[in-house]
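>>> would you be able to build a 3D model of this:
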Amino acid sequence: MVFKKMMRAFGVGGPTVDTVLANPNTRPGLALEGQVRIAGGDHDVTIEGIVLGLVTRVESEHGDNLIEFHRLPVSGPFQLAKGEQRELPFSFPVPWETPVTDVYGQRLHGMTMGLRTELAVAKAVDKGDLDHVAVHPLPSQERILDAFARLGFRFKNADLEHGAIYGVRMTLPFYQEIEFYPPPQYAGAINEVEVTFIADPEGVEVVLEFDKRGGFLQPGHDAYGRFRVSHAEADTTDWTAVVEQWVSEAAGRYQGLRSAGGFGAPGHGAPGYGAPGYAHGGGYGHGGGYGHHGHYAGHGHGRGGMGMGGVAAGVAGGVLGGMILGEAMEEVFEDDGGGEDE
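You can find the predicted model right below:
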């Protein structure tokens with residue numbers, strides 16, 4: 001698949017830049033391959049530099065901001081003669097913590113991602129257009145999302161929050177929340193579940209936040225869980241059983257809090273996958289060997305619109321049955337001129 005965006009820098013007669021992605025689909029930890037093709041205009045110019053940047057929208061207490069979170073220089077200064085053609089190949093590494101934008105080929109409502117071409121000429125910078133990029137989940141992330149779908153959870157929304165998660169090593173200034181409505185068997189105890197993935201070369205840190213309903217003389221509160229999954233274990237674990245235990249623990253189906261190392265997944269789950277301890281109301285849990293976050297640093301909970309619907313047959317239907325697809329890229333990025341935080 002080839003994806004193109006063209007821009008004419010600095011008015012009529014200036015150089016033309018055509019960024020070509022060999023494939024706009026990628027995963028965290030992989031790379032986007034392509035070429036920046038530049039054509040000289042009607043006069044010689046000095047190109048001071050060409051830079052590519054990965055751009056997305058992030059929620060903060062000040063509203064949505066378009067931010068660039070990863071940059072790659074493609075070229076330093078060079079002379080471009082009138083009418084000259086140049087092709088500059090690139091391999092753009094996608095950070096491991098890059099949020100997921102697409103599941104089963106469908107854009108998650110609330111998610112946007114683009115690769116921006118930046119051309120500098122004569123001390124001026126033309127940031128040009130944005131090329132659509134689709135970030136698909138890692139196998140471990142996909143298996144966990146599959147498990148939520150099989151248990152009947154319905155997708156609500158996905159967004160990016162500015163800040164950091166307490167106790168989790170992060171390199172990006174934001175994190176993703178993928179939100180689900182619970183199935184009927186958990187609806188009496190849980191309002192919704194938020195899933196956050198923080199990936200690295202060895203595995204994925206999974207953080208769960210459960211919005212728990214209140215009961216008789218008991219106010220509602222949040223419960224938090226955190227656990228780690230290695231990439232190698234993605235295909236060797238019964239994730240439905242594991243996730244079912246995590247959710248049941250948060251819903252209070254087990255009496256009291258148990259040590260994280262004390263038991264594995266119910267039924268035929270993988271040994272060693274004990275349910276994490278849960279922190280309630282912003283405190284800290286008791287899980288043996290597992291850290292738990294009680295607070296989100298810079299956590300501004302602005303909620304996007306929700307998409308609800310019946311759960312279609314199969315896992316893809318389960319994940320996407322309640323999904324509203326993301327906006328078209330030209331609509332999402334049309335307000336590129338304001339509110340950028342770099």
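>>> all contacts plus neighbour counts: C-alpha atoms, from now on.
Noted.
>>> residue 13: what secondary structure?
Secondary structure, DSSP: H, G, I helix; E, B strand; the rest coil: residue 13 is coil.
>>> mind checking how far it is from residue 41?
5 Å (C-alpha to C-alpha, to the nearest Å).
>>> more neighbours, the two?
residue 41 (20 against 14; other C-alpha atoms under 10 Å).
>>> and the more buried one, which of the three is it?
Applying three-state DSSP: residue 41 is coil.
>>> same deal with residue 142?
Going by three-state DSSP: residue 142 is helix.
>>> could you measure from it over to residue 120?
Counting by C-alpha to C-alpha - residue 142 and residue 120 are separated by 39 Å.
>>> immediately after the strand of greatest length in the chain, which helix or strand?
Secondary structure assigned by DSSP state E gives strand 45-60 as the longest strand of the chain. Using DSSP states H and E, the helix or strand that follows strand 45-60 in sequence is strand 63-75.
>>> so where do the helices sit in the stretch 101-250 of the chain?
Ranges of helices in the stretch 101-250 of the chain, per DSSP state H, counting those that start in this stretch, are 139-150, 184-187, 239-251.
>>> tell me the pLDDT at residue 41?
At residue 41, the pLDDT value in this model is 87.
>>> residue contacts, it?
13-16, 82-84 (C-alpha atoms under 8 Å, 6 or more residues apart in numbering).
>>> which of those has the most neighbours?
For the contacts of residue 41, neighbours tallied by other C-alpha under 10 Å; top is residue 15, 27 neighbours.
>>> state the pLDDT value of it.
Turning to residue 15, the model gives it a pLDDT of 86.
>>> equivalent analysis for the one 5 residues further on, please.
We have a pLDDT of 94 for residue 20.
>>> got it, and residue 189?
82.
>>> that one reaches residue 248, doesn't it?
No - the criterion here is C-alpha atoms under 8 Å, and residue 189 misses it with residue 248 at 9.7 Å.
>>> neighbour count winner among those two?
For residue 189 versus residue 248, neighbours defined as other C-alpha under 10 Å are more numerous around residue 189 (21 against 16).
>>> quick check: phi and psi on the more buried one?
With angles defined as degrees, to the nearest 10, residue 189 sits at phi -110, psi -30.
>>> how near is it to residue 156?
Counting by C-alpha to C-alpha, the gap from residue 189 to residue 156 is 18 Å.
>>> next one: residue 53
On the measure of C-alpha to C-alpha, residue 53 and residue 156 end up 29 Å apart.
>>> so between these two, which is more surrounded?
Using other C-alpha under 10 Å, the more surrounded residue of residue 53 and residue 156 is residue 156, with 28 against 20.
>>> what pLDDT does the model give that one?
92.
>>> where does pLDDT dip in the stretch 151-300 of the chain?
Scanning the stretch 151-300 of the chain for pLDDT under 70 picks out the ranges 212-222, 252-300.
>>> hmm, residue 73 is touching residue 48, no?
No - under the criterion of C-alpha under 8 Å, residue 73 makes no contact with residue 48, lying 11.1 Å away.
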